[in-house]
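Q: Pasting the sequence and the predicted model now:
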Amino acid sequence: MAMTFSQQENIGFRYVINSLSCSSPYGQARVSKLRFFDPNEIDELKTQLSNVCRVKDTLTTLSFEYGRLQRLMMPMKDIRRSVMNLSEGALSELELFELKRFLLQTELIAPVLEDVIAKAHIEGIAIPAQTEALKIIDPEGSRAATFFIADNASPELKQARREKREIEELIRKETDSAERARLMALRSAAAGKEDAEERRIRREICLSLAPYTDAIIDCMDNVAELDFTIARAEIAVRYGGVMPHFSDGPVEMEDMVNPRVADALFERERHFTPVSLSAPVGATVITGANMGGKSVALKTLALNAMLVKAGMLPFAKYAKLPLFGGIFIVSEDLEDMDRGLSSFGAEIVQFNEVEQAAAQTEGISLILLDEFARGTNPEEGAMIVRAVTRYLDKQPSVSVLTTHYDGVAALASAHFEVKGLKDMDMAKVAEEIAASDGHIKGADIIASHMNYGLYRAQGAESCPRDARNICALLALKDEILKDI
Amino acid sequence: MLKEYIQGVRSLSIIGMCKNAGKTTVLNKLIAELNESRVRLGLTSIGRDGESTDLVTRTAKPGIYVYEGTLVATAVDMFRLSDITREIIYSTGWPTPMGEVAVVRARSDGSVQLAGPSMTAQLSALVDVFSSFGADMTIIDGALSRKTLCAPTVSEATILCTGASYSRDINVVIEDTAFSTALLTLPRQESFSEAELDIPMNGKIRFKRADGTVEQMKDGLTLAEALRSREYADVKSAYITGAVTDATIKPVLMGGAKLKGFELSAEDGSKLLLSHDSYEKLLIRGVRIGVRRPVKLAAITVNPVSAYGFHMDPKLLLDSMRAAVSVPVVNVESKDED
């Protein structure tokens, strides 16, 4: 993936990932090492996504079963490394204890999971009970959640322990300290024999378990997948995830949500306006008012395309998109500033890198440009954006640009517009700002009147002129305002 | 019998005035006595203790000998130094330099090496783990030179071990032990509610005024300056977070502030790093000294035999100690009670 961590943070992707709550360390490891699907892995992605959908649709009806599975996965520890070492025969008592606990959990998980799989029609996840392996580590079949090598594991062990116990009985009764010391020494010798025999038996257990290494690791990977699937379904319920349709290029998204922005707005008692957007292969341009949510629209598209690539349901009412080979975003980036480039210079360098990477990426790429070339003089800036739009429109990728510049939209295959303040009653808003007497920030009042919806532009070519209105509402110095 | 002093106690800690004060002897005695009364024990320590040779002084040290059925929480590296038959019953996930702390059930008698967790919260969690596995009582072996009293504050009662190893001079042993006892058994402070002490404050010192308001002492003042000032004339008590040292207290004593009826309090007895002299003077001036977390000192044990090769008169040591403190005193070595 060619998106930097700060970009992932910026579009709200990390926010979603951090909101996933897995029960087991296996699931947590799966989340911290996210896998991004490539276009040639689409079949597997589809299986995973439909699993997430099926879990999502049955979360309420099977809530008891899912809750039980989560509780069974919760006390697990990630012991994959110990299991990989079974063939060396040197697992410690504690490692064998943890392994036994895991094997016991598989026996408890298996019947619940089988039931869930049958009812929810989940495919490709299986955690079979590891009864055969368990027999090796628990030959008595006690199923106790403890690790203890029983006396009858070998005649030698039985003998050593009997010897030790006999001496212990004598020690308990002995009051003479010299005799007690002699017995202690004898006991030490017996304990040494016991220890050596236990070590031999532990080694034997490890080696007998070694053939099950792959099966056990497979169980652990499936625990990770199950855990991750339930977590993905839960978050899909929370923010409205939908099964996407896959296209060979065009993007069609209806009512997308960006959880990070939505939650931040919710805290300020405002609502997120869902974003709908269609973008064909080629260039799509979004124009519109300042503060009108163009950038949020772009980020929300990037986020949802990225979620699909990471095996998660997009947050939307309807989603149709290709499985992108790469998702790229060009925006002012602080890291580039650190590299000593001006914001304009950094953008150009970034664009070059993105363009090259997209060309080398297999499949269709999604390229997003947020107010490209805003940092230079408007005349040249507009020319640059027009040229870039014309170029991108010919490329076999889906590109979406936001811009203020005139004469760009006509060069793109599609043009969307933020309604912004167009339908707003200026006088009414000015009154409201005056009435609030500074208790509510002017910007917040404007925001509450802003129409954040994206609309397909009908013929109108030039960008809306809301900037001056906003300046007036936000009480920019009169002297300056008159001059605009 | 030692166990008489700890009847009905759910958790006990054992701490020593110094190395070789007889802590392990006391522990072994208790284990044996409690085993006879069929008390199921859970054993652990703060950090590491219980080596067969003392790592610091290289003197022979008795191991801890437990009986079948005892629960032991110790770091996994200690397993190979123990010779009980083990059943692993719980893993805590708490790392220590000697590996993760695990709980085992002794399936035979034998000696164990203790290296338990070092955090207060973990120790109190362990008490619950032990009791969930059927232990009637937890004993925590407090390690040498832990300045914090974390073991006593999580346990219901404490035994303090002292003896000839502390000093060649019997008077020093008696005096210092009595002083430590006084600090350990300080009463609960009475000025502040728990909620008032939980209010986060940057400064070390918080005051309570006569009208009940609680506030942090202003920056840039010493306690002595504040107590002399008109601004704080109605302050009736002070609570100090962290150590209470002579550097803070001596100027107060010399400053001539009216201290009668004043309450000075700290988190627990171990935070009072005061000289005996300052402590006495505070009391003479009418200051009440309290702590947030009082410790119940069940008994003091004395060991007349020093690890460094000399003995004290057992009877003299026992009698003088009894005269100096109001806590039961027991000789660790004696078979009968005196």
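A: That came in fine, so what should we check first?

Q: Can you give the domain ranges for the chain?
A: Chain wasn't specified; assuming chain A. Listed by automatic domain parsing, the domain ranges of chain A are A:1-239, A:240-483.

Q: Let me rephrase: I mean chain B.
A: Taken from automatic domain parsing, chain B resolves into B:2-185+B:295-331, B:194-291.

Q: Now do the buried residues in stretch A:257-274.
A: For stretch A:257-274, the neighbour count (16 or more other C-beta atoms under 10 Å in any protein chain shown) marks A:257-262, A:265, A:272-274 as buried. C-beta coordinates here come from the backbone N, C-alpha and C atoms, glycine included.

Q: Of the domains of chain A, which shows the lowest average pLDDT?
A: The weakest mean pLDDT among the domains of chain A belongs to domain A:240-483, with a mean of 82.

Q: how close does the residue lying farthest from the centre of chain A get to B:Thr24?
A: Going by C-alpha atoms, centre = their mean, the residue of chain A most distant from its centre is A:Asp176, 68.4 Å out. Counting by C-beta to C-beta, to the nearest Å, the gap from A:Asp176 to B:Thr24 is 21 Å.

Q: B:Gly42 - that's part of a strand, no?
A: Yes: per DSSP: H, G, I helix; E, B strand; the rest coil, B:Gly42 lies within a strand segment.

Q: hmm, the helix ranked longest in chain A in reach of chain B?
A: Using DSSP state H to define each element, chain A has its longest helix at helix A:177-209. Yes: against chain B, helix A:177-209 shows contacts by C-beta under 8 Å from any C-beta of the partner chain at A:187-188, A:191-192, A:194-195.

Q: To chain A, which of the domains of chain B lies closest?
A: For chain A, the closest of those is domain B:2-185+B:295-331, at 3.7 Å, according to C-beta to the nearest C-beta.

Q: Now do that closest one: distance to the chain's middle.
A: Distance, stretch centre to chain centre, for domain B:2-185+B:295-331: 10 Å (C-alpha atoms, centre = their mean, to the nearest Å).

Q: can the buried residues of stretch A:257-274 go into JSON lines with extra columns for distance to chain B?
A: Output for the buried residues of stretch A:257-274, formatted as JSON lines (distance: C-beta to the nearest C-beta, whole Å):
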{"residue": "A:Val257", "distance to chain B": "37"}
{"residue": "A:Asn258", "distance to chain B": "35"}
{"residue": "A:Pro259", "distance to chain B": "31"}
{"residue": "A:Arg260", "distance to chain B": "30"}
{"residue": "A:Val261", "distance to chain B": "32"}
{"residue": "A:Ala262", "distance to chain B": "32"}
{"residue": "A:Leu265", "distance to chain B": "31"}
{"residue": "A:Phe272", "distance to chain B": "35"}
{"residue": "A:Thr273", "distance to chain B": "40"}
{"residue": "A:Pro274", "distance to chain B": "41"}
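
Q: In helices, which of those appear?
A: Per DSSP H, the subset of the buried residues of stretch A:257-274 in helices is A:259-262, A:265.

Q: Out of the residues you listed, flag the one nearest to A:Glu9.
A: Nearest to A:Glu9 among those, counting by C-beta to C-beta, is A:Arg260 at 9.0 Å.

Q: Quick one: residues contacting the closest one.
A: A:12, A:15-16 (C-beta atoms under 8 Å, 6 or more residues apart in numbering or on different chains).

Q: rewinding a little: for the domains of chain B, which has the smallest mean pLDDT value?
A: Of all the domains of chain B, mean pLDDT reaches its minimum on domain B:2-185+B:295-331 (a mean of 85).

Q: quick one: is that one near chain A?
A: Yes: using C-beta under 8 Å from any C-beta, we find that domain B:2-185+B:295-331 touches chain A at B:67, B:76, B:79-80, B:83, B:85-89, B:91, B:93, B:99-100, B:102, B:105, B:107-110.

Q: what's the span of that domain from first residue to last?
A: For domain B:2-185+B:295-331, the first and last residues are 10 Å from each other (C-alpha to C-alpha, to the nearest Å).

Q: What about residue 212, how many residues nearby?
A: Picking chain A for this. Per other C-beta atoms under 10 Å in any protein chain shown, the neighbour tally for A:Tyr212 reads 19.

Q: hm, I was asking about chain B
A: Count around B:Gly212 with other C-beta under 10 Å applied: 9.

Q: Roughly how far does it sit from A:Leu392?
A: Applying C-beta to C-beta to B:Gly212 and A:Leu392 gives a distance of 71 Å.

Q: Not counting residues beside it along the chain, what's closest to A:Arg165?
A: Among residues not flanking A:Arg165 along the chain, B:Ser108 sits closest, at 6.3 Å (C-beta to C-beta, 6 or more residues apart in numbering or on different chains).

Q: ok, that neighbour - contacts?
A: For B:Ser108, the contact set (C-beta under 8 Å, 6+ apart) comprises A:161, A:164-165, A:168, B:68, B:84-85.

Q: do the same with A:Asp78
A: Contact analysis of A:Asp78 by C-beta under 8 Å, 6+ apart lists A:25-26, A:29, A:220.

Q: closest to chain B among these?
A: Nearest to chain B out of these is A:Pro25 (C-beta to the nearest C-beta; 10.3 Å).

Q: hang on, that closest one packs against A:Arg80?
A: No: using C-beta atoms under 8 Å, A:Pro25 makes no contact with A:Arg80, being 9.6 Å away.

Q: Quick check: nearest residue in space to B:Ala324, chain neighbours excluded?
A: Once flanking residues are discounted, B:Ala324 sits nearest to B:Ala178: 4.1 Å by C-beta to C-beta, 6+ apart.

Q: so which of the domains of chain A gets nearest B:Arg228?
A: B:Arg228 sits nearest to domain A:240-483 of all these, at 46.1 Å, using C-beta to C-beta.

Q: Endpoints of that closest one, how far apart?
A: Start and end residues of domain A:240-483 are separated by 48 Å (C-alpha to C-alpha).
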